[in-house]
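task: produce atomic coordinates for the following.
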Amino acid sequence: MKKILNLGIAAILAAGLACCSDDDKMLGEWLGAPTRINIGGTADTQVTSRLTFAAGQDASEGSVTIASDIAILDVIPSNDSLVSPYEVTVSGTAEIKGTYRVVDDDEVLIDLDNNSLTVNIPSSAISFDESQFTERLIPEQIEGHKAQIARRYESRVRHTLGVELMRYSRLDDVKIDKDLLTCEIDNRDIMLRRAKLRE
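Okay, the predicted model is just below:
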């Protein structure tokens, strides 16, 4: 009887270790593919996100951070001051924090704190190209409004990206094969690549 009991305990421990080992595979930083989001107007906005999972008491739950690189290509339309449109390139970053919990072998629930969402577009990350029609250089008065333009794009990105990131609240059909993580998010197939390849 004692031998059977010991075998039963060993089996339970082995199962627990296997589960922890599987959860452990998800820890670390994962890189997503560039995704387009619609912030309105003529802006072509591309976001590349990185998910970082850090264990809490064990690997089945802990903290998660989603950091995103933002690239925007837009056109400033002509007006009373501008005789023709000018192209503007904008880059920035965003970050949101939350917690994750593995609830099944292939399901992960993520609770993101929308209040933690930050979007940073520095004025130094805004550049203008020549008018695509007249090849005139951008007027000095527009160069002097970079800070205002940056705040405007920050506001537009924050609203749209906040909604987009909430789609990450549930990861279904999670599979990890070495350094690739595939899952389904909001009925979309997603593939993530480990930032630092395991040896």
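
spatially central residue for the protein, please.
Centroid-nearest residue in the chain, with Cα atoms, centre = their mean: residue 49, separated by 2.9 Å.

pull the distance from stretch 118-131 to the chain's centre.
In terms of Cα atoms, centre = their mean, to the nearest Å, the centre of stretch 118-131 is found 20 Å from the chain centre.

circling back: who are the neighbours in contact with the residue nearest to the centre of the chain?
Residue 49 is in contact with 32, 35, 66, 67, 68, 69, 165, counting by Cβ atoms under 8 Å, 6 or more residues apart in numbering. In this view, the C-beta of every residue, glycine as well, is placed from N, C-alpha and C.

need the residues that contact the helix or strand harbouring the last one.
By that I understand residue 165. For residue 165, the enclosing helix or strand under DSSP states H and E is helix 146-165. With contact meaning Cβ under 8 Å, 6+ apart, helix 146-165 is reached by 35, 37-40, 43, 45, 47, 49, 66, 68, 70, 72, 88, 90, 92, 94, 96, 112, 114, 117, 119-126.

again, 6 Å this time
If you take Cβ atoms under 6 Å, 6 or more residues apart in numbering as the criterion, helix 146-165 is touched by 37, 39, 66, 90, 94, 96, 114, 117, 119, 121, 123, 126.

what about the fifth one, which helix or strand?
Yep, that's residue 94 we're talking about. Taking DSSP H and E as the criterion, residue 94 maps to strand 86-104.

who are the packing partners of that strand?
The contact analysis (3 or more Cβ pairs under 6 Å, 6 or more residues apart in numbering; DSSP states H and E) places strand 86-104 against strand 61-76, strand 107-112, strand 118-120, strand 126-131, helix 146-165.

least reliable of those going by mean pLDDT?
Mean pLDDT per stretch puts strand 126-131 lowest among the helices and strands packed on strand 86-104, at a mean of 75.

assess the claim that residue 100 and residue 64 are in contact.
Yes: applying Cβ atoms under 6 Å, one finds residue 100 in contact with residue 64, separated by 4.5 Å.

mutual contacts of those two, please.
Shared contacts of residue 100 and residue 64, counting by Cβ under 6 Å, 6+ apart, come down to residue 110.

endpoints of stretch 50-59, how far apart?
Terminal residues of stretch 50-59 are spaced 19 Å apart (Cα to Cα, to the nearest Å).
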